[in-house]
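In: Sequence plus predicted model, see below.
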Amino acid sequence: MEITKTEIYSTKIKNEYKIAVVADLHNRTFNDVIKVLEKMKPDYILIPGDLTHNLDKDNSLVSCKTGLSFLEKSAQIAKTYYSVGNHERRVSSECAEFIEQTGAILLDNETAVDGEITFGGLSTGLFENRYGPTPPPDLDYLSKFAKEDGFKLLLCHHPEYYPEYIRETDIDLTVSGHAHGGQWRVFGQGIYAPGQGLFPKYTSGLYEDRLYVSRGLTNTAFPIPRFFNRTELTFIYLKKKDA
């Protein structure tokens, strides 16, 4: 697991914040991640989808216990926000209640304000296991969130939503995952990402100072293993920029 650090500057904030991005944990064990978070002491922990799987199923609290229990640990370290990825699809009322009990905040096309930062969670539009173009998200929610005050930070699992739906809005920063770094990386280029296809553009790092794509924390996307593509835990340092 690689620890990456990125600085982002904004005239909309007066204070500095350390933000951890935990993407694509995919229900794996997480002691290594928690140890780093405890050491780094971020102000916020953001989980932009695919923490676990199938939160709409009757037995989800059993089958997804490992992933969901991460929220209990992370919420003890810092305020934790969690948005919905394609593997979670829809969140049952039972799972939403459990997530609330962990102390984490589920943003399922919802918004939460904490001081200078307005957090939003744009949920996946992909509710079935399928390939090809990703169906659009809730554009009414996205439009509403873009009109909020403060520094607007959007959790959005799908980086492929950025050029089509997010770039032209007044959203300050979007954090994503989903692409798994392009699975194989050759000379810094990802080879394939769902929703983007071959040689995807948005797979790793900061784009246009407004989109951060994490390579994620799982080793494989079955049946294709990672190649020259380490897993990643990111810390974004959000800093004041003079007007």
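Out: Nice, I can see it.

In: And the helices in this protein?
Out: Assigned by DSSP state H, the chain shows helices spanning 31-40, 60-63, 65-77, 93-102, 139-146, 161.

In: roughly how far is the fourth one from the heart of the chain?
Out: Spelled out, it's helix 93-102. 19 Å (Cα atoms, centre = their mean, to the nearest Å).

In: Kindly report the same for the first one.
Out: Distance of helix 31-40 from the chain centroid (Cα atoms, centre = their mean) equals 17 Å.

In: still on that earlier bit, packed most tightly, which of the helices of the chain would that be?
Out: Of all those, helix 161 has the most neighbours on average by mean count of other Cβ atoms under 10 Å, namely a mean of 26. Where you see a C-beta, it was placed from the backbone N, CA and C, and this is true even at glycine.

In: ok so, going back, same list as before, the helices of the chain that is, but in TSV and with mean pLDDT included.
Out: Below are the helices of the chain laid out as TSV (pLDDT from 0 to 100):
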stretch	mean pLDDT
helix 31-40	97
helix 60-63	92
helix 65-77	96
helix 93-102	94
helix 139-146	98
helix 161	96
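
In: Make JSON lines out of those and add distance to residue 205.
Out: Formatted as JSON lines, the helices of the chain follow (distance: least, Cβ to Cβ, whole Å):
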{"stretch": "helix 31-40", "distance to residue 205": "19"}
{"stretch": "helix 60-63", "distance to residue 205": "32"}
{"stretch": "helix 65-77", "distance to residue 205": "23"}
{"stretch": "helix 93-102", "distance to residue 205": "29"}
{"stretch": "helix 139-146", "distance to residue 205": "23"}
{"stretch": "helix 161", "distance to residue 205": "17"}
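
In: Next up, phi/psi of residue 123, please.
Out: phi -70, psi 160 (degrees, to the nearest 10).

In: Leaving out chain neighbours, which residue sits closest to it?
Out: residue 84 (4.0 Å; Cβ to Cβ, 6 or more residues apart in numbering).

In: if I pick the one you found, what's in contact with it?
Out: Applying Cβ atoms under 8 Å, 6 or more residues apart in numbering to residue 84 gives the contacts 49, 55, 90, 91, 106, 108, 121, 123, 124, 157.

In: Where does pLDDT dip in the protein?
Out: Within the chain, the segments meeting pLDDT under 70 span 129-132, 221-223, 243.

In: any idea what sits nearest the one residue sitting closest to the centre of it, other than its immediate chain neighbours?
Out: Centroid-nearest residue in the chain, with Cα atoms, centre = their mean: residue 48, separated by 1.8 Å. Nearest residue to residue 48, sequence neighbours excluded (Cβ to Cβ, 6+ apart): residue 155, at 4.3 Å.

In: What backbone torsions are found at the residue nearest to residue 123?
Out: The phi/psi pair for residue 84 (degrees, to the nearest 10) is phi -100, psi 120.

In: Against residue 76, how distant is it?
Out: Note on residue 84: its distance to residue 76, by Cβ to Cβ, to the nearest Å, is 22 Å.

In: Over to residue 206?
Out: Counting by Cβ to Cβ, the gap from residue 206 to residue 76 is 29 Å.
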